[in-house]
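K.L.:
Mind looking at a prediction? Sequence and model below.
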Amino acid sequence: MKTCVIQMNSTADKPANLAQARRLIEEAVAFEKPDWIGLPEVFDFLGGSKPEKFEAAEILREGPAYALGAELAAKHGVFLHAGSLLERNADGDRLSNTSVVFDRLGREIAVYRKIHMFDVTTPDGAAYRESAAFRPGGDVVTYEAEGLTLGCAICYDIRFPALFQALAARGAQAIVLPSAFTLQTGKDHWEVLCRARAIETQSYFLAPAQTGAHQVKGETRQTYGHSLICDPWGRRIAMVADAPGFVAARLDAALVAKVRAAIPVAAQRRESFS
């Protein structure tokens, strides 16, 4: 399977973001002819105020970001892992940070809602409180794509290895992590964590990311970019530069099996310690 991760610079301009996603997908299809495409976290809307986020959010299956994913998957005959989008919940209390996956016919085949909320203070003093606007999901999600099992995670989830062990236990041979990693944390942690999750699960790791600047309540914030693909040995086999773009790599199920047979950690795992 040939995969392609797309890197975007989304902002608080939803129509512009959707146009950017469309353009990059069209370019990726023309240049790489992939079987599978992944978009970054919150590809539809990044930044802005809490009211602006709620205004931009969609009821699942009813908005333009969802429609764009279904349309382009069907048009180009590709699997499209539509990063994540802002999902408006029925009660209107908080949003969900939601990945939606479409098959080659544009049919929805998976929905994953981010489990771990990014409530941190970065080294530059910037405070992030994702839980103020978003509620955490609770389901571990995998899906099938022509003989491969792919697992779902989003951005801050990467710091919680138990989720990735659960995905591997459910048969994931590749794990997808759409992200909007901050510049501050990304410089030191991004590639290290991506490679670590690939190594410990012995899975391919596909991480489409946001890059560049966006505005949050008049403050400029930076995302790290460096969208990448790792193989099951933990080697980085593809990476995007510091701008919107894309990169491709082929996934080989036989390599996953070879690595897992050589170092059979799944069979050797002991009971958890307390």
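P.N.:
Thanks, I have the structure now. Residues are numbered from 1 along each chain as shown.

K.L.:
Buried residues, stretch 88-102. List them.
P.N.:
88-89, 94-102 (16 or more other Cβ atoms under 10 Å). For every residue, glycine as well, the C-beta is placed using N, CA and C.

K.L.:
Nearest to residue 51, out of those: which one, please.
P.N.:
Among the buried residues of stretch 88-102, residue 95 lies closest to residue 51 (Cβ to Cβ), at 11.6 Å.

K.L.:
Grab the two from the buried residues of stretch 88-102 that are most spread out in space.
P.N.:
Pairwise distances across the buried residues of stretch 88-102 peak at 25.2 Å for 94 and 102 (criterion: Cβ to Cβ).

K.L.:
how far out from the middle of the chain is the longest strand belonging to the chain?
P.N.:
Using DSSP state E to define each element, the chain has its longest strand at strand 95-102. The chain centre lies 10 Å from the centre of strand 95-102; the measure is Cα atoms, centre = their mean, to the nearest Å.

K.L.:
Likewise for stretch 179-197?
P.N.:
With Cα atoms, centre = their mean as the basis, stretch 179-197 stands 13 Å off its chain's centre.

K.L.:
That stretch - what's its average pLDDT?
P.N.:
Stretch 179-197 shows a mean pLDDT of 97.

K.L.:
do the same with stretch 256-267
P.N.:
Across stretch 256-267, the average pLDDT comes to 96.

K.L.:
for that stretch, how far is the first residue from the last?
P.N.:
Distance between the boundary residues of stretch 256-267 (Cα to Cα, to the nearest Å) amounts to 15 Å.

K.L.:
Residue 140 is in contact with residue 164, isn't it?
P.N.:
No - contact criterion Cβ atoms under 8 Å: residue 140 and residue 164 do not qualify, at 9.9 Å.

K.L.:
neighbour-wise, which of these two wins?
P.N.:
residue 164 (24 against 18; other Cβ atoms under 10 Å).

K.L.:
which residues touch the more buried one?
P.N.:
151, 153, 175, 197, 200-201 (Cβ atoms under 8 Å, 6 or more residues apart in numbering).

K.L.:
How about residue 226?
P.N.:
186, 190-191, 209, 211, 239-240, 242.

K.L.:
so what's the backbone phi/psi at the most centrally placed residue in the chain?
P.N.:
Residue closest to the mean C-alpha point of the chain, counted by Cα atoms, centre = their mean, is residue 178 at 1.4 Å. Backbone torsions of residue 178, given as degrees, to the nearest 10, read phi -60, psi 140.

K.L.:
before we move on, back to that, mark which of the contacts of residue 164 are part of helices, please.
P.N.:
197, 200-201 (DSSP state H).

K.L.:
how about low-confidence regions in the protein?
P.N.:
Applying pLDDT under 70 to the chain flags residues 274.

K.L.:
could you pull out the helices for it?
P.N.:
Under DSSP H, the chain gives helices at 14-32, 50-56, 64-76, 161-169, 183-201, 253-262, 265-268.
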